[in-house]
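A.B. asks: A structural model of the following input is requested.
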Amino acid sequence: MEIVFRRFLDFIYEDNPFWDLTTEALVSENINVKAAIVAREDGLVACVEDVASILRRLGLSVKIVVGDGGYVKKGDIVMEITGNARTVLSIERTMLNLLMHCSGIATTVRRLVNRVREVNSRVRVAATRKTLPGLRYFEKKAVLIGGGDTHRLSLSDAILIKDNHIKIVGDVAKAVRIAREKKSFIHEIEVEVTNASDAIAAAEAGANIIMFDNMTPEEVRRAIEELRKRGLRDRVLIEVSGGITEDNIIDYAKLDVDIISCGWITLSSKALDMSLEIIEVLEK
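C.D. replies: Sure, this is the predicted structure:
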């Protein structure tokens, strides 16, 4: 948790590198307030516990009203904050930006998971490593809270052989063989492919997971059928990724796939609108 706290301090420093001109001009040091973070639209909240822990370390008292994974409606209070007015006002925007962004991701993921489960209960909806610099912990946590799969948290989690790796090594099968020789027993091997022949080569070479990248649902269906004909389908997990949106995700969920990953979940989810409202001035 220490690294998360330090990261939040970096976020605060970005917004307040010297001092808060407005707050220090208008608000005395001895003023305390009670404030509330209020949802301005319906959705799922995420990273509330993390933010609350950070605020406590900054000397504020926090009461969580709706915790991670809880559903809020417009006007609901997410958390109450009590403490020094200058501190509250100086971190207001940073705190809200983080909560809004993470809650938007969690809301999007939950909506996608619910839709996918209606047609295929075993498919996992996953994020990717397409996270904003400095925000991976929070964004991946939001995906998890929303009911999604975090996928790789970092390059150190698993071996994922992508197109550029294959271009350098020479071919799919060779890349898998090299990876198998060098990997730890605990690490899986995933291979990104764009056609059935590479998928077959990867599976035959011993890959654990096949990722069909930027292929149409029909192309994926035919590739899976080719794997099945060769007795390879049940030896691998199948992931589809690339170009998958909320509009076409059901087309992929109807297929015999195990994972659907979407980079836009973390890059482009709409933030869940929130505001901070001063409820009471406690001391002057």
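
A.B. asks: Doesn't L276 belong to a strand?
C.D. replies: Yes: remark: L276 belongs to a strand, assigned using DSSP: H, G, I helix; E, B strand; the rest coil.

A.B. asks: pretty sure it contacts L96?
C.D. replies: Yes: if you go by C-beta atoms under 8 Å, L276 and L96 touch, sitting 6.0 Å apart. Quick note: C-beta positions are derived from backbone N, CA and C, even for glycine.

A.B. asks: which neighbours do the two share?
C.D. replies: Taking C-beta atoms under 8 Å, 6 or more residues apart in numbering as the criterion, L276 and L96 both touch I37.

A.B. asks: What count of nearby residues applies to N248?
C.D. replies: Counted by other C-beta atoms under 10 Å, the residues lying close to N248 total 12.

A.B. asks: Now do the same contact list for it.
C.D. replies: With C-beta under 8 Å, 6+ apart, N248 has these contacts: P217.

A.B. asks: Quick check: the gap between it and V220.
C.D. replies: Here N248 is placed at a distance of 12 Å from V220 (C-beta to C-beta, to the nearest Å).

A.B. asks: Which positions in the lowest-mean-pLDDT helix or strand in the chain come out as buried?
C.D. replies: When the helices and strands of the chain are scored by mean pLDDT, DSSP states H and E, helix 2-15 comes last with a mean of 86. For helix 2-15, the neighbour count (16 or more other C-beta atoms under 10 Å) marks V4, R7, F8, F11, I12 as buried.

A.B. asks: Which other helices and strands does that helix contact?
C.D. replies: helix 48-57, helix 85-117, helix 136-145 (3 or more C-beta pairs under 8 Å, 6 or more residues apart in numbering; DSSP states H and E).

A.B. asks: quick one: which helix or strand includes E280?
C.D. replies: strand 274-281 (DSSP states H and E).

A.B. asks: Parallel or antiparallel, which strands does that strand pair with?
C.D. replies: strand 32-39 (antiparallel) (DSSP bridges).

A.B. asks: Quick one: distance of whichever strand or helix holds T82 to the chain centre.
C.D. replies: Using DSSP H and E, T82 falls within strand 77-84. Mean-position distance between strand 77-84 and its chain equals 26 Å (C-alpha atoms, centre = their mean, to the nearest Å).

A.B. asks: Identify the farthest-apart pair in the buried residues of helix 2-15.
C.D. replies: Using C-beta to C-beta, the buried residues of helix 2-15 reach their maximum pairwise distance at V4 and I12, which is 13.0 Å.

A.B. asks: just to revisit the earlier point, of the helices and strands packed on helix 2-15, which is nearest D213?
C.D. replies: Distance to D213, taken as C-beta to C-beta, is lowest for helix 85-117 among the helices and strands packed on helix 2-15, at 18.8 Å.

A.B. asks: what does the domain assignment say about the chain?
C.D. replies: 2-106+270-281, 113-268 (automatic domain parsing).

A.B. asks: and the least confident helix or strand of the chain, how far out from the chain's middle?
C.D. replies: Averaging C-alpha positions (C-alpha atoms, centre = their mean) puts helix 2-15 19 Å from its chain's average.

A.B. asks: Tell me the helix or strand right after that helix.
C.D. replies: Using DSSP H and E, the helix or strand that follows helix 2-15 in sequence is helix 21-26.

A.B. asks: which strands and helices sit next to that following helix?
C.D. replies: With contacts taken as 3+ C-beta pairs under 8 Å, 6+ apart, helix 21-26 sits against helix 85-117.
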